[in-house]
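1. Fold the following.
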Amino acid sequence: MAYRNRGSFSYKAPVELGKVYESNIIEMSQRGDAGVAKIQGFVIFVSDAKPGDHVKIKITKVGRRYATAEVVKDEINDNQTE
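-> Prediction:
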C-alpha cells in the first residue's frame, strides 16, 4: 500500500515489528550471514536460517526496504516435559 507524502510515495511494509510469520528461506544474503525470506515481495533477513528452511520468524526491525527477523522455536516441541 502506498501513501502520498509531499509529492512522493512511501511504501508501508507488509510486516509489523514483533509479529510472528511463517515463511520459506529462499536464499542466503550476499554477506552470507542470514537467510532471505520474502513476504508479499518484501525482503526479510533471517538470522540462523538457510535456504530450504520453512520457519516461523519474529520481526525484530522494520526498515523502508527490508526487515530483519529471528527464528522462533516451536513452543510445542520446547514444552515436551511429560
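
2. any chance you could map the helices in the chain?
-> 75-78 (DSSP state H).

3. Where do the strands of it begin and end?
-> 2-5, 8-11, 20-24, 27-28, 35-39, 42-47, 54-62, 66-71 (DSSP state E).

4. could you dump the ones you listed to a markdown table with mean pLDDT and mean neighbour count?
-> From N, CA and C alone the C-beta is placed, and that goes for glycine too. Listed next are the strands of the chain as a markdown table, based on pLDDT from 0 to 100; neighbours: other CB atoms under 10 Å:
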| stretch | mean pLDDT | mean neighbour count |
| --- | --- | --- |
| strand 2-5 | 52 | 8 |
| strand 8-11 | 62 | 10 |
| strand 20-24 | 97 | 14 |
| strand 27-28 | 98 | 14 |
| strand 35-39 | 98 | 20 |
| strand 42-47 | 97 | 19 |
| strand 54-62 | 97 | 17 |
| strand 66-71 | 98 | 19 |
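
5. tell me the centre residue of this structure?
-> Per CA atoms, centre = their mean, the C-alpha nearest to the average position across the chain is that of residue 44, at 3.8 Å.
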